[in-house]
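**Q** generate a structure from the sequence data that follows.
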Amino acid sequence: MISQAYELNNLIPNVEMIFYKIFMSPIITKDQRADGKDKENLLIGNIFAQKKVSLSHFGYRSILETLVLHPKKKHFKKVVQHLIEFESKENIDP
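**A** Numbering: from 1, shown residues only. Got it, this is the predicted structure:
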């Protein structure tokens with residue numbers, strides 16, 4: 001999916017932003033998040049977390065580079081939480 005996204009970038013400018021929006025947008029409603037269940041879970045509603053998908057080096061890099069353009073602390077926390085849960089320590093470089 002990631003390599004196809006870079007190929008798509010020739011056709012769709014800023015496809016990384018689309019990938020970022022998919023990762024950050026929850027698939028549950030604000031009311032469902034407000035009821036308090038799983039409030040501590042930063043990845044609630046994240047489709048990649050629900051499917052237990054690791055995004056590889058290119059995926060995380062794409063999301064982090066886009067995050068630099070539109071910085072939000074809560075989004076950075078979500079990326080870090082996803083890394084902790086779905087990547088082994090050996091695959092994470094500084």
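**Q** contact partners for the residue sitting nearest the centre point of the chain?
**A** In the chain, the residue lying closest to the centroid (CA atoms, centre = their mean) is residue 23, at 3.5 Å. Applying CB atoms under 8 Å, 6 or more residues apart in numbering, we find residue 23 in contact with 46, 48, 55, 63, 78-79, 82. To be clear about C-beta, it is placed using only N, CA and C from the backbone, and glycine gets the same treatment.
**Q** please apply the same query to residue 35.
**A** So residue 35 contacts nothing (CB under 8 Å, 6+ apart).
**Q** where's it relative to residue 76, distance?
**A** 25 Å (CB to CB, to the nearest Å).
**Q** now do residue 53
**A** In terms of CB to CB, residue 53 sits 19 Å off from residue 76.
**Q** just name the shakiest helix or strand of this structure by mean pLDDT.
**A** helix 2-8 (a mean of 63; mean pLDDT, DSSP states H and E).
**Q** which parts of the helix or strand following that helix are buried?
**A** Proceeding C-terminally, helix 2-8 gives way to helix 15-24 as the next helix or strand, assigned by DSSP states H and E. Buried residues in helix 15-24, counted by 16 or more other CB atoms under 10 Å: 15-16, 19-20, 23-24.
**Q** pLDDT added to these, as JSON lines?
**A** Shown next, in JSON lines, are the buried residues of helix 15-24 (pLDDT from 0 to 100):
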{"residue": "15", "pLDDT": "75"}
{"residue": "16", "pLDDT": "80"}
{"residue": "19", "pLDDT": "83"}
{"residue": "20", "pLDDT": "87"}
{"residue": "23", "pLDDT": "89"}
{"residue": "24", "pLDDT": "88"}
